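In: Return atomic coordinates for the entry below.
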Amino acid sequence: MASHYLHYQSNPKPNMASIPRPFFRSFKDLGRTWFKRTRPRTFEGKPNFEFTIASYNVLADKLLHDHPHLYFNRGNRDSWIFDWNYRKKNLIAEIIYSNADILCLQEVQEEHFYNWFNPKLKECGYTGIYNKRSGNKEDGCATFFKHDIFCMERHELVSFNKPKSNFMNRDNVAILVVLQPRAEIFKTNTPICVGNTHLLFNTKRGDIKLAQLAHLFAEVDRLSTDCRSNLPVILCGDFNSTPFSPLYDFLIRGELKFDGISRTVISGQDGSAKNENNYVLRDNVFPPDLGLTHTCKWRDSAQKQNGVNNIIDLTSDNDDYQTYLKEERGILKHDLELNSCYMHRGLDGSREVTTCHDKACSTVDYILYSNGKKKDSGGHSLWVSGVMSLLSEHEVYNMGKLPNKNLSSDHLMLMSSFVMS
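Out: Got it, this is the predicted structure:
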């Protein structure tokens with residue numbers, strides 16, 4: 001606690017009277033424009049429903065002051081930029097301006113969910129769900145949706161921390177909500193599954209990030225099974241991995257051959273990382289006692305789907321355990337056909353970024369979507385009808401590293417529209 005106040009001492013709080021009104025006015029003023037996508041022929045002439053979704057890491061106030069080296073190297077001239085009393089008003093102005101039908105927020109401090117974000121967004125017609133990170137962490141994920149457009153069939157609060165595991169012991173979380181468009185908006189028997197997560201930051205522990213994703217995919221699979229439907233899926237959040245890294249390839253291609261890959265290079269965040277022999281992955285990317293298969297399903301769920309009623313005894317002297325090792329060695333798969341709403345390059349070929357502070361400028365946030373499992377067919381289809389453009393590293397530097405007076409997080413908001421038919 002003492003160190004927390006030390007950070008404030010080096011960057012003193014401005015007098016409340018000196019804090020200006022929010023500077024955020026519009027995305028257009030920041031050089032961000034809305035790009036419409038061409039409608040596929042398969043969607044022409046069919047009843048459809050269009051909605052928007054935004055993903056935004058809002059930078060928890062405690063995390064900002066716990067990591068001063070990322071933000072406070074710019075002098076004290078505009079110290080009010082970092083003050084929560086300014087940031088909260090500027091953030092909510094931007095969020096409300098987006099007018100997204102679904103909001104996926106990360107790094108929402110628990111007290112700020114209850115005394116700021118939830119009350120303010122409730123006034124605008126949103127219903128909110130919150131999941132705080134485990135342990136002594138003070139922030140978490142929050143998902144909001146407009147209750148005049150969607151009704152919530154169910155939700156799951158996912159924790160990636162397994163107390164009895166020495167491997168899966170990090171405090172990251174996710175939220176899964178199953179949303180049904182209201183009948184007066186769009187008649188359908190197929191709801192949408194929306195996931196919101198913030199994966200582990202540690203740049204050298206790509207193996208844990210893969211396990212967290214496998215856990216999340218297993219929960220999506222279980223929800224689809226419980227709902228007896230091949231749910232269209234939208235996954236949002238801060239994945240703490242860069243485009244075209246091994247972890248990103250796993251997300252998009254549905255398969256990763258990890259045997260021989262160092263855990264330090266999986267997320268692509270550390271450009272200097274190499275395939276260090278002492279960190280190279282072999283056999284299984286995560287221990288079998290987590291109950292996850294190499295296809296990112298819960299083992300008991302996979303057995304039930306395959307007509308097997310008994311749960312395998314995962315002990316080293318069990319024949320089924322040896323089969324488990326043989327089948328799953330060196331490869332990880334999932335059966336969601338995920339795509340990214342963003343291409344990660346601007347029209348001029350410049351690299352898009354979603355976060356930029358004093359130590360890094362890169363893409364780590366995504367909106368991913370899927371029409372459901374590969375093996376299933378039929379049902380409703382999702383099509384990306386538009387995206388809010390991101391900014392290049394050069395454009396962010398010209399504006400001022402994040403956060404600044406216009407944008408009160410160290411991340412950019414991602415926003416996309418979908419058509420469901």
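In: all helices for the stretch 301-421 of the chain, in order.
Out: Residue ranges of the helices in the stretch 301-421 of the chain, as given by DSSP state H, counting those that start in this stretch, are 319-328, 393-399.
In: In the last one, which residues are buried?
Out: Going back to what we said before, that points to helix 393-399. 395, 396, 399 (16 or more other C-beta atoms under 10 Å). Heads up, the C-betas are built off the backbone N, CA and C, glycines and all.
In: among the helices and strands of this structure, which has the poorest mean pLDDT?
Out: In the chain, the helix or strand scored least confidently by mean pLDDT, DSSP states H and E is helix 2-10, which has a mean of 37.
In: Now do the SS call for residue 80.
Out: Counting by DSSP: H, G, I helix; E, B strand; the rest coil, the backbone at residue 80 sits in helix.
In: Count the neighbours of it for me.
Out: 18 (other C-beta atoms under 10 Å).
In: Looks like it contacts residue 19 (just checking).
Out: Yes. In this structure, residue 80 is within contact of residue 19 by C-beta atoms under 8 Å, at 4.9 Å.
In: so what sits against both of these two?
Out: Both residue 80 and residue 19 are contacted by residue 86, under the criterion C-beta atoms under 8 Å, 6 or more residues apart in numbering.
In: List the residues that contact the nearest residue to residue 402 once chain neighbours are set aside.
Out: Excluding the flanking residues, the one nearest residue 402 by C-beta to C-beta, 6 or more residues apart in numbering is residue 410, at 4.3 Å. Counting by C-beta under 8 Å, 6+ apart, residue 410 makes contact with 57, 59, 64, 70, 71, 355, 356, 357, 402, 403.
In: pLDDT value on the third one, please?
Out: Right, residue 64. Here, the pLDDT recorded for residue 64 equals 96.
In: likewise the fourth one?
Out: What the model reports as pLDDT for residue 70 is 91.
In: isn't it right next to residue 356, touching?
Out: No. If you go by C-beta under 8 Å, residue 70 and residue 356 don't touch, sitting 10.4 Å apart.
In: what about those two, which has more around it?
Out: Taking other C-beta under 10 Å, residue 70 and residue 356 do not tie; residue 356 has more neighbours (25 against 17).
In: quick one: that one from residue 71, how far?
Out: Using C-beta to C-beta, to the nearest Å, residue 356 is found at 11 Å from residue 71.
In: repeat for residue 196
Out: Computed with C-beta to C-beta, the distance linking residue 196 and residue 71 is 24 Å.
In: higher neighbour count, these two?
Out: For residue 196 versus residue 71, the count of surrounding residues by other C-beta under 10 Å is larger for residue 196: 29 against 21.
In: Check which strands are paired with whatever helix or strand the more buried one lives in and give the direction for each one.
Out: Applying DSSP states H and E as the criterion places residue 196 in strand 192-198. Paired strands of strand 192-198, with direction, are strand 173-181 (antiparallel), strand 233-238 (parallel) (DSSP bridges).
In: Could you pull up the mean pLDDT of the longest one?
Out: Per-residue pLDDT over strand 173-181 has a mean of 97.
In: how far is it from where the chain is centred?
Out: When distances are taken as C-alpha atoms, centre = their mean, to the nearest Å, strand 173-181 is centred 13 Å away from the chain's centroid.
In: which ones are touching residue 407?
Out: Applying C-beta under 8 Å, 6+ apart to residue 407 gives the contacts 24, 30, 90, 94, 399.
In: Nothing else from me, thank you.
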